[in-house]
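Colleague: After the sequence you'll find the predicted model.
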Amino acid sequence: MSRAFLVGASVALLAVLLSLRPARRGVSVVDPVPGPAAQAARPATGQQQLRVQVPPPPFSEGVFPCTDCHNDKDLPSNRTRRQLVDAHDEIVLKHDEEHRWCLDCHDADNRDRLHLAGGQPVSFEQSYQLCGQCHGEKYRDWRAGVHGRRIGQWNGPKEYLLCVHCHSPHQPRFKPLTPKPAPQRPTRPAP
Amino acid sequence: MKEKSDGVTRRKFATCTAAAAAGWALTACGPRRLHDVPPDRLRELVREMEREYSAQYGKHVRVSDAGAVPGVLFGYALDISRCIGCRRCVYACVEENNQSRDPQIHWIRVLQMDKEHGVDFTHADPYYQPQEVPEDGHFYVPVSCQQCRDAPCTKVCPTGATWAEPDGIVVIDYDWCIGCRCCMAACPYGARHFNWRTPSVPAGEINPAMHYLGNRPRPKGVVEKCTFCIQRVRAGRYPACVEVCPVGARKFGNLLDPDSEIRYIIEHKRVMVLKEELDTMPKFFYFYGT
């Protein structure tokens, strides 16, 4: 009788202890800029999501919104793959350029956004979804906070950067930097 | 029966008691180590430091006495497949932690190594200075305090002036350091630095957000080292080197939190520590992110 009671009591204690474990924080399910679709897809769980900020995409000066020029009235879409000569000819594509050109990522129907390989539109603020289609491993690391730079709190809100803040989408290789001065060699004062 | 005196005379007893009392008085009434100073006395000491440094540098200095948070053990990871050796971290650290500009003290030393040799300290060059980094055929290993769990430096200190805090940060009490430099000899990573001359930081460049175990000004004749930016991380922030790294090679977090970035790295990446054979158990990990 007392043995059965002991077993029962220890099971109950274990259950209580397990239920007291702290709730896991949503660190690894970061969605830096939850768009309307993402918000609708994720039901409110009551779990506190980390608020992650991303600075605006690094557009060249005066280039956005693209529809200022690219609209049906002024400039109808030409979907033929070609070398650009009239505008944007400063952009040199070094990113799988043999297989791709502008409209593989930029959306011909609405130039203010991008599109995925399957045609689904993506805003410039969520361009990481586009990058993640090919660079899945990097994308997972980035979401986990391991690939890329973070600013903020190690246990709280932090600012992420978009892929394109460090990697130009047209020439993604990281540019070399000038190093800061080397340390002084040890010196001995004159005798 | 005759009572036998076995050596404890009245005179000896009095002498020993007096000596013991004097010893107690010297240790109890003298300056206390910051290691075991009571919280209210620590607050007084910190306020004194604030007054002294504010007057010295002509700006409002705040010295934090934030203690370790229970359930936190700090760890660091550095991606050597990403580091390009630009030394941004070195100078961000100097500014954040009030390191002496002249004579120069750098808590971080970036070693350029040959890909041919791998991680090999006999082929490491800290003085590289090309026009642009990274250079072909080389990779870069920044080395600072490895915050060992079994830290040799803390074991050799004759005055107990250096110890590991409960959150794993190895710190130094600059008031109790006697400058014997035993810890520098004991450290296998060259991570400790000695103030051979009076350190100098221009008043305009002093960082007024200080911690009593970290970046407060140091006198001549004491040892100093990386504290994971104790003044920042105990306030929840990333260390300065983490935030400044342009390639995002530096990662920091709580080793006891299974959801932290640092745990993700340890569980998913190829990770190593420097000089593993010495069994110092660093909490500073190097990993290959690619």
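Modeller: Here it is on my side, so go on.
Colleague: mind listing the helices in chain A by residue range?
Modeller: For chain A, the helices defined by DSSP state H occupy A:2-19, A:36-41, A:127-134, A:136-143, A:163-166.
Colleague: do the stretch 101-250 of chain B as well
Modeller: Under the criterion DSSP state H, counting those that start in this stretch, helices of the stretch 101-250 of chain B are mapped to B:152-156, B:182-186, B:230-233, B:240-244.
Colleague: Now tell me which of the helices of chain A the model trusts least on average.
Modeller: Ranked by mean pLDDT, the helices of chain A end with helix A:36-41 in last place, scoring a mean of 38.
Colleague: Which helix or strand in chain A has the lowest average pLDDT?
Modeller: Lowest by mean pLDDT, DSSP states H and E among the helices and strands of chain A is helix A:36-41, with a mean of 38.
Colleague: what does the stretch 101-250 of chain B put close to chain A?
Modeller: Contact residues, the stretch 101-250 of chain B versus chain A (Cβ under 8 Å from any Cβ of the partner chain): B:104, B:106, B:109, B:126-134, B:233, B:236-238, B:242-243, B:245-248. For every residue, glycine as well, the C-beta is placed using N, CA and C.
Colleague: go with 10 Å
Modeller: For the stretch 101-250 of chain B, the residues in contact with chain A (Cβ under 10 Å from any Cβ of the partner chain) are B:102-106, B:108-110, B:112, B:125-135, B:140, B:196-197, B:232-233, B:235-239, B:242-250.
Colleague: Only whichever of the residues you listed are buried, select them in PyMOL.
Modeller: Buried residues among those (16 or more other Cβ atoms under 10 Å in any protein chain shown), as a PyMOL selection:
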select buried, chain B and resi 103+105+106+108+109+110+112+126+128+133+134+135+140+232+233+237+238+239+242+243+244+245+247+248+249+250
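Colleague: Looking at the residues of the stretch 101-250 of chain B next to chain A, which are in strands?
Modeller: B:109-110, B:112, B:140, B:250 (DSSP state E).
Colleague: Just the CA trace of the one helix or strand B:V90 maps to, in CSV.
Modeller: In this assignment (DSSP states H and E), B:V90 forms part of helix B:88-96. Taking Å, rounded to 0.1, in the frame of the first residue of the first chain, the C-alpha atoms of helix B:88-96 are listed here in CSV:
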residue,chain,number,x,y,z
ARG,B,88,37.7,45.9,-37.2
CYS,B,89,37.2,43.9,-34.0
VAL,B,90,40.6,44.9,-32.6
TYR,B,91,39.9,48.6,-32.7
ALA,B,92,36.3,48.3,-31.7
CYS,B,93,37.6,46.5,-28.6
VAL,B,94,40.2,49.1,-27.8
GLU,B,95,37.6,51.9,-27.9
GLU,B,96,34.9,50.0,-26.0
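Colleague: Off-centre distance for that helix?
Modeller: 15 Å (Cα atoms, centre = their mean, to the nearest Å).
Colleague: what helices or strands is it leaning on?
Modeller: strand B:109-114, strand B:138-143, helix B:240-244 (3 or more Cβ pairs under 10 Å, 6 or more residues apart in numbering or on different chains; DSSP states H and E).
Colleague: what's the closest of these to A:L161?
Modeller: helix B:240-244 (11.6 Å; Cβ to Cβ).
Colleague: and the lowest-mean-pLDDT helix or strand in chain B, which residues are buried?
Modeller: The weakest-scoring helix or strand in chain B, judged by mean pLDDT, DSSP H and E, is helix B:10-29 (a mean of 82). Residues of helix B:10-29 include none that count as buried (16+ other Cβ under 10 Å).
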